[in-house]
Each structure stands twice: as structure tokens, then as C-alpha cells.
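Trainee: Predicted structure and sequence below. I'll ask about it afterward.
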Amino acid sequence: MKRINTLFIVLLAAICMTAIAKNEKKDEVKKNDAYAVARNLEIFSSIYKHLDMMYVDTLDADVTVGEAIDAMLRSLDPYTEYYPPEEVKNLKTMLTGKYAGIGALIKHNMKTDRVIVDEPYENMPAATAGLKKGDIILAIDDSVMVGKTVSYVSSHLRGEPGTTFKLTVKRPTPTYALTNPAADKKKNEKSKYNDDTEGEILNFKITRQAIQMPCVPYYGMLKTPDSLQSNEKIGYLMLSQFTDNCARDVRRALVEMRQQGMTSLVFDLRGNGGGSLSEAIKIVNMFVPKGVTLVTTKGKIKRSNREYKTDSEPLDTIMPIVVLVNGNTASASEITSGSLQDLDRAVIMGTRTFGKGLVQQPVELPHDASLKVTVSKYHIPSGRCIQAINYRHTGGGYRENIADSLTHVFKTRNGRIVHDGGGIKPDITVKPDSLPNIAAYLCQGGLDSTEVALYYVTDYIASHPTIAPADEFRLTDAEYADFKQRVIDAGFKYDRETNKLYDELVQMAKLEGYYDDAKTEFDALKAKLKHNLTRELDNNRAIISHMLEQSIVSAYYYQKGGIMCTFDYDPQLQRAIRLLTDNEAYRKVLSPAE
């Protein structure tokens with residue numbers, strides 16, 4: 001007995017000594033870390049004082065120190081950001097979705113090298129005042145905007161709610177015999193603004209108002225194709241961002257569609273970059289019972305470790321749901337889609353999501369500055385973290401994608417296999433249609449900057465007071481023929497990837513000594529790859545027409561109309577409709593593999 005007691009005492013003493021040693025080591029590490037922090041801050045302060053005193057040119061403290069801060073943060077993850085006092089409003093806009101301005105999307109026009117109005121938003125000051133797509137922004141009050149960047153013009157359009165300013169624009173003269181008598185009177189008033197485009201100069205008095213872009217830009221009942229012979233009533237809801245109170249708008253839309261007889265839902269999160277975690281929890285709670293743990297966050301400090309549960313009664317726990325996602329679905333969108341997947345509450349469809357499993361928290365700094373800092377990682381119901389990239393805090397912020405072989409296996413509530421470390425992998429992968437090269441250049445600006453698509457759209461708007469409903473509007477054969485002729489007349493050019501690849505193949509064949517023997521075949525291939533603009537416009541008519549139609553419809557029916565116009569051309573949405581009209585196929589997706 002004495003021997004056992006002696007051994008116990010020795011063992012206990014060893015454990016205590018080990019614990020003491022570990023604590024001493026931790027204290028030593030903390031002490032060394034605190035010393036390193038103090039030492040480097042003192043060195044940094046001393047360096048700046050000497051530069052300020054001795055450097056040959058005068059230093060701008062905001063620029064010099066600001067760049068030092070940015071360089072420090074670049075060694076971390078890309079979501080930890082510093083906002084100097086003059087940019088804090090941008091952080092607030094991001095978090096709330098609110099700003100004060102005119103409510104319009106503006107962009108740079110390649111042909112004129114000017115900033116133009118691209119899309120006024122419905123019921124916003126720009127649309128109410130009468131601004132149109134294609135209007136060239138010349139001046140804001142007495143400040144000339146010609147030659148300025150989009151960000152510069154945007155900052156001047158924004159301001160305090162209720163403030164009024166004068167906006168001067170030039171509405172380009174239609175290029176193809178579309179008359180505008182008023183334009184003839186003023187079309188050459190350009191010297192004041194050093195602007196060489198022709199058109200009518202217009203002045204608008206606009207009052208800025210608080211703008212909050214709709215987080216639910218569209219919802220409504222979908223048309224089920226007759227070929228599916230289904231009585232299913234499918235609702236559609238697009239959520240574009242997780243801003244404050246967006247759950248309230250989602251709930252309102254769902255209740256309205258249920259009153260219209262909705263029996264299943266397509267929930268579109270494509271392109272949604274995320275936002276408020278609490279709003280994501282509320283939205284998932286609409287489809288799952290009260291008391292379910294959805295998210296746990298784990299960080300360095302204790303208050304970053306939290307658990308989020310559903311805390312209210314749901315709207316519906318059995319209605320079939322398909323969630324559409326893509327590579328730009330991130331953060332709170334991944335919490336939503338991943339939670340619904342882990343709980344087998346919805347089928348996820350589309351392409352793999354972005355993979356952002358990091359949580360940020362805004363921190364107030366002295367002198368009204370702010371810091372958005374990554375404080376934790378979040379884990380969804382199965383326990384997995386979906387962060388797709390490791391950001392190392394050494395070596396200048398080196399980043400690497402997490403290899404598939406390093407991911408871990410988790411299981412959904414029904415026992416289906418899911419993985420961490422790479423975003424949300426859809427239950428059903430459906431890739432969007434690829435965009436032909438010619439279509440991309442036509443609608444985003446060709447190499448010669450003709451902007452022929454933009455001017456066709458603005459001409460069309462000028463000559464058509466009204467058009468068919470958004471989901472019915474189509475360009476006629478004659479209208480597309482007119483557009484095709486304009487493209488040809490403009491001498492439109494663009495990079496043809498096949499020709500570039502052909503030239504590379506020829507160079508490689510010559511380098512490796514195969515070209516001479518295969519010259520006949522190379523010449524034949526080159527002849528077949530000969531550029532024919534007319535043929536390419538005909539071959540790609542469907543997608544080019546659709547892009548033009550969407551741009552035209554948006555000018556008449558705003559954002560809602562532009563969304564509706566895409567439904568018939570959207571392969572992911574059409575696949576979702578087919579799944580929701582087949583109850584057996586839907587249930588099979590959510591069943592574990594045998």
C-alpha cells in the first residue's frame with residue numbers, strides 16, 4: 001500500500017511539474033510576443049520620425065502610414081481590411097446595403113472614353129428624373145466629369161440624403177435615321193465640356209435619397225413547361241445579398257407565393273457574395289425546425305466562439321427546395337446553402353461555391369477609422385468548414401488551395417457524404433452555357449471599342465416607346481438583321497482564340513520539326529479557320545439576341561424585367577424546374593447512397 005501511495009505521489013508530482021513547465025512556457029511565449037510587438041512598434045515609430053524629419057521631400061502621413069498598414073494586412077487574409085476615416089462610409093454601405101445617391105449603375109464607355117449611365121434603378125431618383133441608358137455624364141454641378149474615372153464620378157454622385165445637385169448629360173444622337181428634333185438644336189454644345197460626341201445636352205435637377213438596393217430583386221411564380229405535364233406550382237426567389245433585414249423581405253416573398261399556391265421553391269443564390277450571418281440564420285430557420293444548431297464559430301478569443309441555433313418556428317419544413325449556386329456564391333450564401341444541404345432540406349444545384357469560411361467583425365479605431373478583421377472560422381451543421389484556401393500568416397500572406405486529398409469526410413442528417421475544404425459542392429452539377437467569344441466582345445466592348453451593341457440598344461429604346469412584356473419580348477428577324485449589318489459596317493474586330501491557338505501550334509510544330517511534313521494539313525486547317533464575321537453572327541444568333549434582349553428589357557422593366565428575360569435561356573433554372581416536377585427524382589437525390 002505504501003508503495004502504491006508513493007508511486008501515486010510521484011506521478012502526481014510529475015504531472016504538476018509538467019503543468020507548471022507548460023504554463024511557464026506559455027508565459028514565456030506571451031512575454032516574448034509582447035516584447036516583439038513593443039520592439040517593432042517602437043522601431044516603426046522611430047523610422048517614420050526620422051523620415052519625417054530628414055527625408056528630402058515632405059511626407060504625406062496619410063499616404064505613407066496608410067500604405068504601411070495595407071502592406072501589413074496583405075500578409076494576412078484578403079478579408080481583413082483597414083478603412084481610413086474617409087472610407088468608413090464604404091464599409092457601412094457594404095454592411096447595410098444603404099447609401100445616398102441617385103440609384104443608377106454607371107460604367108465606362110470604351111468608344112467615347114466617358115462615364116455613362118448604364119442602368120437606372122426602378123423608382124430611384126435617376127429613373128424618376130428621366131435618365132436613360134447611354135446618357136454621357138458631363139458635369140455634376142460645376143465639376144466637369146469628362147475624362148474622370150467611374151469611381152470618381154460615383155463618389156460625386158453620392159452625398160447626404162436630401163441634397164440637390166445639377167447633373168448635365170449628353171444623350172447621344174441615334175445613329176441610324178432615328179430622328180430626335182430636340183437633339184438637332186443642341187447637338188454641338190460640346191466645347192464647354194471638351195466633349196467631341198454628338199447629341200443633346202440635358203440638365204437634370206436631382207435630389208439624392210437614401211438608396212438601398214433590393215436584396216430580393218425578383219420573386220414570383222414560374223411557368224412550368226407544358227411538356228412536363230405537371231401540376232407543381234413552383235415559386236422562384238432571387239436573393240442578391242445578405243444585408244440588414246433581408247430575412248424580412250424573404251419571408252414576405254415566401255408568404256405571398258404560398259398564398260398563390262406555391263408547392264415548391266427555386267431559391268437562387270448565384271452571385272450572392274454573402275453578408276450578415278444572423279440574417280442567414282433567420283432565412284434557414286424558415287425551412288427547418290426551432291432549436292437546430294446551424295453554425296458554430298471558432299476563433300482565437302473566447303467571445304469569437306459562438307453557437308447559432310434556430311430560435312423561431314419555421315414557415316415550412318417539407319416543401320421541396322432547389323438552391324441554385326455558382327462560383328460567386330460565398331460566405332453567408334454558403335452558410336445558407338450548406339446548412340440546407342447538411343440537413344437534407346434542399347437539393348443544391350449549379351457549380352461549386354466560392355469557399356469562404358471566415359468570419360469578419362468590424363472594429364472601431366481612433367479618429368473615426370475602422371478595421372474589418374477576420375476573427376473566426378465557421379462550421380455548418382455537419383461540422384465541416386468550407387474555407388477553400390489556406391492563408392498563411394508567414395511569407396507575405398502565401399495562399400494555397402486546399403487539396404482534395406486533405407479534405408475530410410462528413411455526413412448529412414440522412415447519411416450522405418459531404419466534404420470540407422472547398423466550398424459547397426452541389427448535389428447536382430449543372431454548368432451554365434458557355435459564352436461565345438464574339439458575344440463577349442460585342443456586349444463588353446470589342447478591340448476597336450465600337451460599342452456597337454450599346455448603340456444598337458440605345459437606338460432601339462429611342463425608337464420604341466413600349467415593348468412586349470419582359471418574359472415575352474424577342475427581337476424579330478428583321479431587327480437582328482439590322483444589328484448584324486451595323487456590326488459589319490462598324491468593322492467590328494475581336495480576338496479569335498482558334499487563330500491564336502493555330503499560330504501557337506504552327507510555332508510548336510516548326511520547333512519540333514513536324515511542320516514541313518504536315519504543311520498541307522496545316523494549310524487546309526487554316527483555310528477552314530478563316531474568319532467570317534457574317535457566319536459567326538448567324539451561328540451565334542441565339543445567345544447574341546438574348547443578350548441584346550436582356551439589355552433592352554432592363555431599360556423598360558428595370559432589374560425585375562432583366563431577370564425575367566433570362567428564364568427561358570437559363571439551363572440551371574430549367575434543370576431545377578424539371579427536378580421539382582419529379583418528386584421521386586427529388587427524394588432520390590436526398591437519400592444516402594446504398
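Mentor: Arrived safely.
Trainee: Can you tell me how far G415 is from V295?
Mentor: For G415, the distance to V295 (Cβ to Cβ, to the nearest Å) stands at 21 Å. The C-beta positions use only the backbone N, C-alpha and C, and glycine is treated the same way.
Trainee: which one of those two has more residues nearby?
Mentor: Ranked by neighbour count (other Cβ atoms under 10 Å), G415 and V295 place V295 first, with 22 against 10.
Trainee: quick one, what contacts the closest residue to N272 other than its chain neighbours?
Mentor: Among residues not flanking N272 along the chain, S333 sits closest, at 4.2 Å (Cβ to Cβ, 6 or more residues apart in numbering). Residues near S333 by Cβ atoms under 8 Å, 6 or more residues apart in numbering: 239, 242, 269, 272-274, 280, 325, 353.
Trainee: Are we agreed that S333 is in a strand?
Mentor: No: under DSSP: H, G, I helix; E, B strand; the rest coil, S333 sits outside any strand and is assigned helix.
Trainee: Against I577, how distant is it?
Mentor: 21 Å.
Trainee: A helix includes Y456, no?
Mentor: Yes: assessed with three-state DSSP, Y456 lies in a helix.
Trainee: before we move on, back to that, so which of the contacts of S333 sit within strands?
Mentor: Judged by DSSP state E, the contacts of S333 include V325 as members of strands.
Trainee: which of the contacts of S333 lies closest to Y556?
Mentor: L239 (24.2 Å; Cβ to Cβ).
Trainee: what's A509 in contact with, if anything?
Mentor: Neighbours of A509 in contact, by Cβ under 8 Å, 6+ apart: 515, 518, 522.
Trainee: For it, give me the pLDDT.
Mentor: pLDDT recorded at A509 is 82.
Trainee: Same check on the one 4 residues further on?
Mentor: Reading off the per-residue confidence, G513 sits at a pLDDT of 83.
Trainee: And E594, by the same measure?
Mentor: On the pLDDT scale, E594 gets 61.
Trainee: do N23 as well
Mentor: Confidence at N23, expressed as pLDDT, is 58.
Trainee: Check L157 too.
Mentor: L157 carries a pLDDT value of 92.
Trainee: next one: T128
Mentor: So, for T128, pLDDT stands at 93.
Trainee: Count the neighbours of the nearest residue to L529 once chain neighbours are set aside for me.
Mentor: In space, and not counting its chain neighbours, L529 is closest to T498: 5.4 Å by Cβ to Cβ, 6+ apart. A count of nearby residues for T498, using other Cβ under 10 Å, gives 12.
Trainee: and M547, helix, strand or coil?
Mentor: The three-state assignment at M547 reads helix, by three-state DSSP.
Trainee: still on that earlier bit, let me know the pLDDT of the residue nearest to L529.
Mentor: 73.
Trainee: Tell me if it really is in a helix.
Mentor: Yes: according to three-state DSSP, T498 belongs to a helix.
Trainee: For it, give its distance to D523.
Mentor: Taken as Cβ to Cβ, the span from T498 to D523 is 15 Å.
Trainee: In the protein, where is pLDDT below threshold?
Mentor: By pLDDT under 70, the low-scoring segments of the chain are 1-31, 92-98, 174-198, 392-401, 404, 444-450, 495-497, 594.
Trainee: Distance from stretch 376-387 to the middle of the chain?
Mentor: 22 Å (Cα atoms, centre = their mean, to the nearest Å).
Trainee: brain fart, stretch 60-72
Mentor: On Cα atoms, centre = their mean, the centre of stretch 60-72 falls 28 Å from that of its chain.
Trainee: what residues are up against the most centrally placed residue in the chain?
Mentor: Centroid-nearest residue in the chain: G271, 4.6 Å away (criterion: Cα atoms, centre = their mean). Contact analysis of G271 by Cβ under 8 Å, 6+ apart lists 240, 326, 328-329.
Trainee: cutoff 10 Å now
Mentor: For G271, the contact set (Cβ atoms under 10 Å, 6 or more residues apart in numbering) comprises 238-241, 324-330, 333.
Trainee: Mark which of those are buried, thanks.
Mentor: When the contacts of G271 are checked for burial by 16 or more other Cβ atoms under 10 Å, the buried set is 238-241, 324-326, 329-330, 333.
Trainee: List the residues that contact E67.
Mentor: E67 touches D60, counting by Cβ under 10 Å, 6+ apart.
Trainee: before we move on, which element is it in?
Mentor: Using DSSP states H and E, E67 sits within helix 61-74.
Trainee: Would you list the strands that the helix or strand that that helix is followed by pairs with, along with their directions?
Mentor: For helix 61-74, the following helix or strand on the C-terminal side (DSSP H and E) is strand 81-83. Strand 81-83 pairs in its sheet with strand 370-379 (antiparallel), by DSSP bridges.
Trainee: so is the residue nearest to E160 when sequence neighbours are not counted in a helix, a strand, or just coil?
Mentor: Excluding the flanking residues, the one nearest E160 by Cβ to Cβ, 6+ apart is A100, at 6.0 Å. State at A100, reduced to three classes by three-state DSSP: strand.
Trainee: I figured A100 hits R208, correct?
Mentor: Yes: at 4.9 Å, A100 counts as touching R208 under the criterion of Cβ atoms under 10 Å.
Trainee: Tell me the residues that contact both of the two, please.
Mentor: Common contacts of A100 and R208, defined by Cβ under 10 Å, 6+ apart, comprise 125, 157-163.
Trainee: So what's the gap between stretch 489-507 and the chain middle?
Mentor: 30 Å.
Trainee: who does the residue nearest to E160 bridge with?
Mentor: The bridge-partner assignment for A100, based on DSSP bridges, gives A210.
Trainee: so what's it up against?
Mentor: Contact analysis of A100 by Cβ under 10 Å, 6+ apart lists 89, 93, 125, 157-163, 208-211.
Trainee: again, but for A593
Mentor: 415-417.
Trainee: Relative to N414, how far out is it?
Mentor: Distance check for A593 against N414: by Cβ to Cβ, it reads 10 Å.
Trainee: same thing with A462?
Mentor: Distance, A462 to N414, using Cβ to Cβ: 57 Å.
Trainee: Show me which of these two is the more surrounded one.
Mentor: Taking other Cβ under 10 Å, A462 and N414 do not tie; A462 has more neighbours (18 against 11).
Trainee: so where does the more buried one fall, helix or strand?
Mentor: helix 452-463.
Trainee: Kindly report the same for V255.
Mentor: For V255, the element it lies in under DSSP H and E is helix 246-259.
Trainee: Kindly report the same for Q572.
Mentor: Q572 belongs to helix 571-580 when assigned by DSSP H and E.
Trainee: do K205 as well
Mentor: Going by DSSP H and E, K205 is in strand 199-207.
Trainee: With Y219 instead?
Mentor: Using DSSP H and E, Y219 sits within strand 218-221.
Trainee: That strand pairs with which strands?
Mentor: The sheet places strand 218-221 alongside strand 234-238 (antiparallel), with pairing taken from DSSP bridges.
Trainee: what angle separates the strand it pairs with from helix 571-580?
Mentor: Angle between the axes of strand 234-238 and helix 571-580 is 150 degrees (criterion: axes from the mean of the first three to the mean of the last three Cα atoms, to 10 degrees).
Trainee: what's the spacing between strand 234-238 and its chain's center?
Mentor: 20 Å.
Trainee: relative orientation of it and helix 246-259 in degrees?
Mentor: 160 degrees.
Trainee: Now the nearest residue to G357 once chain neighbours are set aside: phi and psi?
Mentor: Nearest residue to G357, sequence neighbours excluded (Cβ to Cβ, 6+ apart): Q387, at 3.3 Å. Note on Q387: its backbone torsions stand at phi -60, psi 120 [degrees, to the nearest 10].
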